[in-house]
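[1] no sequence for this one, just the structure:
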C-alpha cells in the first residue's frame, strides 16, 4: 500500500520543499494543508499524488480527522513560538508518526514532555528536523562520535538573505530577539542576550565574510542534554552583513514589551523580507554551517570539524526533513517516543540521505597548536 503523508503548512516554502523531496525520493501520497480555501497556485499541486486540504490548526476536530487518515504527519506550520502540542497529541491519540521542523526551544520542551505518551502509543515523533536545527544536529553527532571524550560544541550558521524561506526566516529571527536565553557554558547554564557577542567569520561561498551572534535555537539546549559536553555555542549571522547590524540594533534599542507584540514582529518581518527580496538577487539564498567539536582523542586534545554549504536554504531543509520522513515511512527509523533528531538519526543513515541528495559534508581533524 502507498503510504500517506500529511504536511501541515505545506504551501509554505519549507513545507513545499519537504513535499518536493518526498515526491522525488519516495512513492507516497501527499496531502498538503493551508489556511486558504484553494491552493495558491496550480504549481502547488504539480504531481498526481499531492492533494490540497484547507485546514486551520484551531479546528481541532478537523485536525484529528486529517491525521487519522494518514501514516505520517510533517508539521511545518510555524512560527512554532505560537503553537501548542495539539498536533502531536492528536498523532498520539490516532497512533500516527510525527515529524516537525520546529525551531523554537519552548515548543521543543513542550513536545519532549510527551515522550512517555508517545512511547505508550507506539509512535515515533521527531523534533527539530530541517537545516538548523536538523542537519546541524546530525553533523554534531558525527563529530562527537569521533572523540573519546567530547568537551565543547561550537556551531556557526550563515544564511544569505531570506534563505529562500519567505517571510518565515524573518519571523524566526525577530522572535529570537524577544528574551535572553540559557546556554550551556563550562558545565553550567548561563543567560546570554540574543544577537550579542559578535564574531567575524568567513564562510564558503555563497555566504562569505559576515558576523555571527548568539542566537537561540533548540539545539543550544538539546545538544547539551544529548551529549556529555561542558559547552555548547550557537551563533548565527546573515548576508549582506548590514542586516546583522540592523538586527542587532533592533535587539538593543527595542523595549522588551514591544518585542513581544505579535503585530510588531509581523511588521518588522515583512519589512525585512521586502529588503531581502531585493538583495537576494545578488546575495543568493544559500546557507553555510560550520561545526567544531573539541575534546580528547587517544589521550590528547583534539578538534574535529564538519561543514556544509547549500545554495538554497529552504531546499536544504526539505532534503533533511524529507529524508527523515522517508526513513520513518519505511520503518528504518522506528523508535517510539519523542526525540530531538540527533537522538534518533544515526550517522550512517544521515550520510546515506545526504549523498543521495547530492549534499556533501566536509569533515576532518584540525591540528591544534
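    Arrived safely, thanks for sending. Bear in mind the structure is a predicted one, so any value in this text is a computation, not a measurement. Numbers count the residues shown, from 1 in each chain.
[2] so where is the stretch 1-150 of the chain shaky, pLDDT-wise?
    Counting by pLDDT under 70, the stretch 1-150 of the chain has low-confidence residues at 40-49.
[3] Tell me where it has strands.
    Counting by DSSP state E, counting those that start in this stretch, the stretch 1-150 of the chain forms strands over residues 3-8, 28-34, 50-54, 72-75, 97-100, 124-127, 149-160, given from the N-terminal end onward.
[4] what about the helices in this protein?
    Counting by DSSP state H, residue ranges of the helices within the chain are 13-25, 60-68, 86-94, 105-112, 115-121, 136-145, 168-175, 219-226, 241-253, 256-259, 262-283, 313-330, 341-344, 347-356.
[5] and those as JSON lines, adding mean neighbour count?
    Just so you know, the C-beta spots here come from the backbone N, C-alpha and C atoms, and that holds for glycine as well. As requested, those are exported to JSON lines (neighbours: other CB atoms under 10 Å):
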{"stretch": "helix 13-25", "mean neighbour count": "24"}
{"stretch": "helix 60-68", "mean neighbour count": "16"}
{"stretch": "helix 86-94", "mean neighbour count": "20"}
{"stretch": "helix 105-112", "mean neighbour count": "20"}
{"stretch": "helix 115-121", "mean neighbour count": "16"}
{"stretch": "helix 136-145", "mean neighbour count": "24"}
{"stretch": "helix 168-175", "mean neighbour count": "24"}
{"stretch": "helix 219-226", "mean neighbour count": "22"}
{"stretch": "helix 241-253", "mean neighbour count": "16"}
{"stretch": "helix 256-259", "mean neighbour count": "12"}
{"stretch": "helix 262-283", "mean neighbour count": "15"}
{"stretch": "helix 313-330", "mean neighbour count": "26"}
{"stretch": "helix 341-344", "mean neighbour count": "22"}
{"stretch": "helix 347-356", "mean neighbour count": "16"}
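[6] For beta bridges, what are the partners of residue 305?
    Beta-bridge pairing of residue 305 under DSSP bridges involves residue 292, residue 364.
[7] What about the residue lying closest to residue 2 once chain neighbours are set aside, how many residues nearby?
    On the basis of CB to CB, 6 or more residues apart in numbering, the spatially nearest residue to residue 2 that is not a chain neighbour turns out to be residue 29, at 5.0 Å. A total of 18 residues lie near residue 29 under the criterion other CB atoms under 10 Å.
[8] Could you do the one 3 residues further on as well?
    Under the neighbour criterion other CB under 10 Å, residue 32 is assigned a count of 26.
[9] show me the contacts for it.
    If you count contacts by CB atoms under 8 Å, 6 or more residues apart in numbering, residue 32 has them with 7, 10, 11, 15, 16, 19, 39, 44, 50, 51, 52, 53.
[10] Kindly report the same for residue 326.
    By CB under 8 Å, 6+ apart, the residues touching residue 326 are 22, 25, 26, 353.
[11] 6 Å instead?
    25, 26 (CB atoms under 6 Å, 6 or more residues apart in numbering).
[12] just the one 10 residues further on next, same as before
    Counting by CB under 6 Å, 6+ apart, residue 336 touches 119, 122, 124.
[13] can you redo these as CSV with distance to residue 214?
    Rendered in CSV, the data for the contacts of residue 336 read as follows (distance: CB to CB, whole Å):
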residue, distance to residue 214
119, 34
122, 39
124, 32
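[14] distance of residue 13 from residue 78?
    Plainly put, residue 13 is 11 Å away from residue 78 if you go by CB to CB, to the nearest Å.
[15] anything in contact with each of the two?
    Looking at what touches both residue 13 and residue 78 (by CB under 6 Å, 6+ apart), there is no common residue.
[16] since we're on the closest residue to residue 31 other than its chain neighbours, how many residues are nearby?
    Computed as CB to CB, 6+ apart, the closest residue to residue 31 that is not its neighbour in sequence is residue 51, at 4.6 Å. Burial measure for residue 51: 16 neighbouring residues, criterion other CB under 10 Å.
[17] returning to that earlier point: out of the contacts of residue 32, flag the one nearest to residue 92.
    Proximity of the contacts of residue 32 to residue 92 was ranked by CB to CB; the top entry is residue 7 with 18.8 Å.
[18] For that closest one, give the beta-bridge partners.
    As assigned using DSSP bridges, the partners bridged with residue 7 are residue 32, residue 74.
[19] Could you check how many residues crowd around it?
    A count of nearby residues for residue 7, using other CB under 10 Å, gives 29.
[20] wait, what's in contact with it?
    Residue 7 makes contact with 15, 18, 19, 32, 74 under the criterion CB under 6 Å, 6+ apart.
[21] let's see 8 Å
    Listed by CB under 8 Å, 6+ apart, the contact partners of residue 7 are 15, 18, 19, 30, 31, 32, 33, 74, 76.
[22] now do residue 15
    When contacts are counted by CB under 8 Å, 6+ apart, residue 15 is found next to 7, 8, 9, 32, 74, 76, 77.
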